[in-house]
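> sharing a sequence plus its predicted fold:
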There are 2 protein chains.
Amino acid sequence: MDSFTFHNPTRLDFGTGKERLIGQHLAEHGVRSVLLCFGSERIKRDGLFDTVRQSLEERGIGFVEFGGIVSNPVISKVREGVALARAHGVDAVLAVGGGSVLDSAKAIAAGVRHDGDVWDLFIGRAPVASALPIFAILTLAATGSEMNPGAVVTNEATKEKFAIQSPHTFPTVSIVNPALMQTVTRDYLAYSAADIIAHSIEGYFTATVQPAFSSRLVEAIVNTVIETTETLMEHPADLDARAQFAWASTQALNGLTYAGTSGFGYPNHMIEHALSALFNVPHGAGLSVVMPAWMKWYHGRNPAQFTRFAREVFGRDTPEQGIAALEAWFERIGTPTRLSQLGITAADLPALLDNLEGNARWFGLAETYSREVLETILKKAL
Amino acid sequence: MDSFTFHNPTRLDFGTGKERLIGQHLAEHGVRSVLLCFGSERIKRDGLFDTVRQSLEERGIGFVEFGGIVSNPVISKVREGVALARAHGVDAVLAVGGGSVLDSAKAIAAGVRHDGDVWDLFIGRAPVASALPIFAILTLAATGSEMNPGAVVTNEATKEKFAIQSPHTFPTVSIVNPALMQTVTRDYLAYSAADIIAHSIEGYFTATVQPAFSSRLVEAIVNTVIETTETLMEHPADLDARAQFAWASTQALNGLTYAGTSGFGYPNHMIEHALSALFNVPHGAGLSVVMPAWMKWYHGRNPAQFTRFAREVFGRDTPEQGIAALEAWFERIGTPTRLSQLGITAADLPALLDNLEGNARWFGLAETYSREVLETILKKAL
């Protein structure tokens, strides 16, 4: 087990109706006005927007609407948000949505405090030295962004999908109401499950130091995601399953499972970022394609851990059986396992591999993941 | 799964040599002087005191020595610490030791800010409205106090062992260096294992709402404690086992495993507090006596969870087999399972039962745990 520092200052307020407390949380932190970030207009139709507005108004908190944030959020939209936040001099950002909205809000919060283009922060040209306070109401559990400092954004001009991460970009308060997630489509539930599993297994398989305790925590998360996804596919209104799914999702990427581990990378995310940057595929759908292919290429490097995974998650005996079981499970829940299902063919490989060169450098994995290796992996996913 | 708020602001700095950073942590928080709380003079002989002193001096941080804190810490000593902290006007408390030192330091931190006797805070006569910042260097992993807001202290005049808990009594920074724990005796290692298991299973068995995810997290902790204790009994110098044991100990009582659960109590702690208040037995040793007896009495109320425990922890089939396996494991590692091993006999039961009446009220368990029920449980432990 390696040394680590664990500090996660986010307050998570979890449960039915908790979104009504957002005004109170903001007031307790002295916030007077927010940039209210959201995605589609759906939150206006389903009543969530009105609930939030009422809660803000009760506490005399002003807000500036900033809607239209899309999946695989883009830096041009973040720039727009930075300008709007500055123009109105808001005290904080409030994200109402899923991971894309949260990540955009975090990037805006950091961008407002950066004297230059916000993309500088993503390419290491400037550090995230400060950020507006970040508040969130989560409507889709998948990315873990509600309790971590990460924000992933795509530069649509350069086709780079990169991230920032800083002690300043932890949400101050995140509200997670599983009931708000009951309208998530079956497709997006499946993609979300794949995303959470990806967060869980990147370190689990690639860390050079991986304590058994950390592996057990990962298995607790993965087994919970599998169990609750299956329940929700049959009974979408099962609020308990929805809640456990969401809480496991938060734990998958809030630092818990990575504390004390070291030497790990995020190769599946590295590869997937090229898919979503170039083809705008849903992140989780990209991951469920990448993971089995990567595992088939990688498992010989860590056979003990793949054997463990097969046994503890699927009750199987060998690495190959465990990988096949995961792939079959992805197929069963309806998330793709082949590039062709995403409309990506062998003809697209050169463009993907070009994009992946930059990704591999950014992820610090260029040494292991040469163009040749990446081509081998991608071909397994065709 | 129930609603909850999760917020754990403690920064945990974990690893070999981290105690040398204490001056830096204090300086970053603007601390100029501390009450340095510790137990025996051992830390002066083994070099830890000098390391801490040097780290403080490097940052120009003054300190007032406050040694002599004993296991099952007492309120008279806390009062002494409050007076000393006030007399010197320290900015913060720094605990260097195990759970008893940490808990005393927390009580002092809260007591300094309370205009009245510090015991008021333990009996609900006054709330913990504020506290000095709390810093800690942990030398024994067991109580979880390094990452939670609880502090348990005995009033030796009234023989009450009660606790405080408040958002103000989370440590600001806790340093956990497993290497400092390599000199823990075999006895105390075994008692610590029992304590961690007790923290884990109180909610696991008694909660009326207990999500499967929470149960899996508990099992990850318990299985890690069992595995690493066995390793450490054979190889006390195994630093990796020492580290995993400590990290599991922290997670057992930092809020993680209880989030989303409800309706739970702490009956084993309630009973044990009478043992250590009256007979000053080591807390963990008291718990390893209480747990099997309590389980034998209780398991019929939650057979599914006891079956689960038997299977997931000991690979056995029935509640009774699981309980017997735990009891046998306690015996194997050398922590007592009978009151007689603690020098407590049937003649002591009336005094214990008298003491437990107050405990049962304080723990909110008086309805279930009548004198008759408690006698039944204690007799199983004779």
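Happy to help now that I have it. Numbers count the residues shown, from 1 in each chain, chains lettered A, B, ... in the order given.

> going forward, measure contacts and count neighbours with C-alpha atoms only.
OK.

> give me the secondary structure label for the closest residue to chain B within the stretch 251-382 of chain A.
When you check the stretch 251-382 of chain A against chain B by C-alpha to the nearest C-alpha, the closest residue turns out to be residue A:260, at 8.3 Å. With DSSP: H, G, I helix; E, B strand; the rest coil as the basis, the three-state label of residue A:260 is coil.

> could you pull up the residues touching it?
Shown here is residue A:260, whose contacts under the criterion C-alpha atoms under 8 Å, 6 or more residues apart in numbering or on different chains are A:1, A:2, A:3, A:4, A:209, A:210, A:211, A:214.

> pLDDT at it, what is it?
Per-residue confidence at residue A:260 stands at 98 (pLDDT).

> walk me through the domains of chain A.
For chain A, automatic domain parsing gives the domain ranges A:11-180, A:185-380.

> out of the ones you listed, which is closest to residue B:152?
The closest of the domains of chain A to residue B:152 is domain A:11-180. By C-alpha to C-alpha, the value is 25.1 Å.

> measure that closest one end to end?
Start-to-end span of domain A:11-180 (C-alpha to C-alpha, to the nearest Å) is 19 Å.

> and stretch A:174-182, by the same measure?
Criterion C-alpha to C-alpha; first-to-last residue distance in stretch A:174-182 is 18 Å.

> please point out which parts of it sit buried.
Judged by neighbour count using 16 or more other C-alpha atoms under 10 Å in any protein chain shown, the buried positions of stretch A:174-182 are A:174, A:175, A:176, A:177, A:178, A:179, A:180, A:181, A:182.

> isn't the last one up against residue A:233?
No: contact criterion C-alpha atoms under 8 Å: residue A:182 and residue A:233 do not qualify, at 11.2 Å.

> quick one: list the elements packing against the one helix or strand residue A:306 maps to.
With elements taken from DSSP states H and E, the one containing residue A:306 is helix A:303-314. Secondary-structure packing of helix A:303-314 (3 or more C-alpha pairs under 8 Å, 6 or more residues apart in numbering or on different chains; DSSP states H and E): helix A:186-206, helix A:212-234, helix A:319-333.

> identify the residues contacting the closest residue to residue A:253 other than its chain neighbours.
Ranked by C-alpha to C-alpha, 6 or more residues apart in numbering or on different chains and with sequence neighbours excluded, the top spatial neighbour of residue A:253 is residue A:144, at 5.3 Å. Contacts of residue A:144 were listed using C-alpha under 8 Å, 6+ apart, and they are A:99, A:196, A:249, A:250, A:251, A:252, A:253, A:254.

> by neighbours, which of those residues wins?
Comparing these by number of neighbours (other C-alpha atoms under 10 Å in any protein chain shown), residue A:249 comes first, having 30 neighbours.

> okay, the angle between the helix holding residue A:306 and helix A:212-234?
Here helix A:303-314 runs at an angle of 40 degrees relative to helix A:212-234 (axes from the mean of the first three to the mean of the last three C-alpha atoms, to 10 degrees).

> how about residue A:290: what's its closest non-neighbour residue?
The shortest distance from residue A:290 to any residue that is not its chain neighbour, by C-alpha to C-alpha, 6+ apart, is 6.1 Å, and that residue is residue A:268.

> for the residue of the stretch 251-382 of chain A closest to chain B, which non-adjacent residue is spatially closest?
Leaving aside its sequence neighbours, residue A:260 sits nearest to residue A:2 (C-alpha to C-alpha, 6+ apart; 4.6 Å).

> please work out how many residues are found near the one you found.
Residues within reach of residue A:2, counting by other C-alpha under 10 Å, total 17.

> where does it fall, helix, sheet strand or coil?
Classification of residue A:2 by three-state DSSP places it in coil.

> distance of it relative to residue A:47?
If you go by C-alpha to C-alpha, the gap between residue A:2 and residue A:47 works out to 47 Å.

> one step back: the residue nearest to residue A:290 against residue A:287, yeah?
Yes: in terms of C-alpha under 8 Å, residue A:268 counts as a neighbour of residue A:287; the distance is 6.7 Å.

> shared neighbours of those two, anything?
In terms of C-alpha under 8 Å, 6+ apart, residue A:268 and residue A:287 are both contacted by the residues residue A:198.

> compare these two (neighbour count), which wins?
Taking residue A:268 and residue A:287 together and counting by other C-alpha under 10 Å, residue A:287 has the greater number of neighbours (31 against 22).

> any idea how far the more buried one lies from residue B:369?
Between residue A:287 and residue B:369 the computed distance is 52 Å (C-alpha to C-alpha).

> repeat that for residue A:12.
For residue A:12, the distance to residue B:369 equals 34 Å [C-alpha to C-alpha].

> again, but for residue A:183
Here the criterion is C-alpha to C-alpha. By it, residue A:183 lies 44 Å from residue B:369.

> give me the more crowded residue out of those two.
The neighbour comparison of residue A:183 against residue B:369 (other C-alpha under 10 Å) goes to residue B:369, with 19 against 13.

> centre-most residue in chain A?
Within chain A, one residue has its C-alpha closest to the average C-alpha position: by C-alpha atoms, centre = their mean, that is residue A:143, at 2.3 Å.

> and residue A:303, what pLDDT?
Per-residue confidence for residue A:303 comes out at a pLDDT of 98.

> ok, now which ones touch the nearest residue to it once chain neighbours are set aside?
If the residues on either side of it in the chain are set aside, residue A:303 comes closest to residue A:319, at 6.6 Å by C-alpha to C-alpha, 6+ apart. Taking C-alpha under 8 Å, 6+ apart, we find residue A:319 in contact with A:299, A:303, A:306, A:307, A:309, A:310.

> rerun that using 6 Å as the cut-off
The neighbourhood of residue A:319, defined by C-alpha atoms under 6 Å, 6 or more residues apart in numbering or on different chains, consists of A:306, A:307, A:310.

> so what's the first one up against?
Residue A:306 makes contacts with residue A:319, as judged by C-alpha under 6 Å, 6+ apart.
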